[in-house]
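1. got a predicted structure here, sequence first:
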Amino acid sequence: MTPSLWTVLLAAGHGSRLARATGNTRKQFLHFKEAPLYWQSVLTMAAVPNLSGIVVVFPGEELTDRTRELESLKRRSLLGLRIVSVAGGLRRQDSVRQGLASLPADCDHVLVHDCARPFFSAGLVRNLQDGLSHEVQGVVPAIPVTDTIKECQGDVVRTTLDRSRLAAVQTPQLFPARLLRQVHDQALREDWQVTDDASMIERAGFLVRIVPGERDNIKITTPEDLRVLATPSIPPVPCTGLGYDVHAYGGNRPLVLGGIPIAGAPNVKAHSDGDVLLHALCDAILSCLGAGDIGDHFPDTEDRFENIASGILLSEVMDLARASALVVHHVDLTIIAQTPRLSPHKAAIRSNVARLMEIEDRQVNVKATTEEHLGFTGRREGIKAVAVVTAARVQG
């Protein structure tokens, strides 16, 4: 059976060194990518394939509000793993102990991570797992120290340390869950003061292995570190949508194209008003949004859409586009029919489509063609339309 792996995510710190720079907002709750900063660590942990769950440790005085916030984030993201919250303690090691107490009894291994390090990767966790063995009881990521480190007493240097023997340790750190609980109990009884869980394991006489850490896995500690949380301007992503629709002749709906009635044309069979051109255009816009097709949004099985003007459908699709920050740059429309003759109507169709979409006429092109008497359109059995939309989507 695959060992059960959980994470204790520490989000209970006070962040006193950043209080002035953040307006007394704890750093773990600073806004980052439309969520509190700790959520970035949750998202990364969720990408670890064999992770069973996460215990998020919040400040005791904020537990109720932060748990409510956490539940909202869970509903929005649907990560597919258990995420629970618990109140932390006065010291870091107290918060870890509270998190350990909330792990399920069948948890075999536990990752302990400070959410002030939001930029680690799921690959780093896999490296930690690869480093765990029967010979060692903890695995931690570390990077080489590049500065010269001196041991001082007051303002006097006592010795220069050999940096080849030094490493800067990061989180997450990986341990057998049962052992870490036992060592925390010992630390509580003997009143140990430690800065991370690896040092607690070492002090108890067990071996800890290091694996290569990540340079980007910095800890948000000083006001200067806050610059990395500034969201860079992300350019809009260009996208192209294709729409296609067909209607048969011989129905009871007068032919309408782009919202313009076509006098003397054959009637069409349709549930709505049968505007084949606007239907194709709606599909092209929905394609840019990755939002399915017109049938998903306005099914022909619902009575409320019977004989509805397709301009109304287009208006609702454009509302979806605006809500998703989609900016339409150009629309190219092609109508394929043997009859009726459409050249006299193209200018009116173009202007009306531009009006419905709230764009300029020059952003819309309308073409009409036949299929040289081939196929069902050539036999005057129906009409079809193709729409291509060129747009850009602003990223969150």
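-> The structure has been received and is ready for your questions.
2. now the spatially most central residue of the chain. Nearest residue, chain neighbours left out?
-> In the chain, the centroid-proximal residue (CA atoms, centre = their mean) is S77; its distance is 7.5 Å. Of all residues beyond its chain neighbours, the one nearest S77 is L43 (7.3 Å), with distances taken as CB to CB, 6 or more residues apart in numbering. The way it works is simple: take the backbone N, C-alpha and C, and place the C-beta from them, glycine included.
3. now do the helices in the stretch 1-150 of the chain.
-> 38-46, 63-77, 92-101, 122-131 (DSSP state H, counting those that start in this stretch).
4. any idea what P144 is bridged to?
-> Counting by DSSP bridges, P144 is bridged to A167.
5. wait, it touches A167, no?
-> Yes - counting by CB atoms under 8 Å, P144 touches A167, with 6.3 Å between them.
6. show me which of those two is the more surrounded one.
-> A167 (16 against 11; other CB atoms under 10 Å).
7. list the contacts for that one?
-> Residues near A167 by CB atoms under 8 Å, 6 or more residues apart in numbering: A142, I143, P144, V145, I210.
8. dump the residues you listed to CSV, plus distance to L188 and pLDDT.
-> Listed next are the contacts of A167 as CSV, based on distance: CB to CB, whole Å; pLDDT from 0 to 100:
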residue, distance to L188, pLDDT
A142, 27, 96
I143, 31, 95
P144, 34, 93
V145, 31, 92
I210, 26, 95
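9. PyMOL command to pick out the buried ones of these?
-> Buried members of the contacts of A167, defined by 16 or more other CB atoms under 10 Å, are picked up in PyMOL with:
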select buried, resi 142+210
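10. what's the most distant pair in the contacts of A167?
-> Greatest spatial distance among these (CB to CB): V145 and I210, at 12.2 Å.
11. and for the helix or strand bottoming out on mean pLDDT in the chain, what are the contacting residues?
-> When each helix and strand of the chain is scored by mean pLDDT, DSSP states H and E, strand 31-32 comes last, with a mean of 86. Residues outside strand 31-32 that contact it (CB under 8 Å, 6+ apart) are L37, W39, Q40, P118, L229, T231.
12. hmm, try it at 6 Å
-> For strand 31-32, the external contacting residues (CB atoms under 6 Å, 6 or more residues apart in numbering) are L229.
13. mind listing the strands it pairs with, and their directions?
-> Partner strands and pairing direction for strand 31-32 (DSSP bridges) are strand 35-36 (antiparallel).
14. quick check: mean pLDDT of the strand it pairs with?
-> The average pLDDT within strand 35-36 is 92.
15. stretch 63-82 too?
-> pLDDT averaged over stretch 63-82 gives 92.
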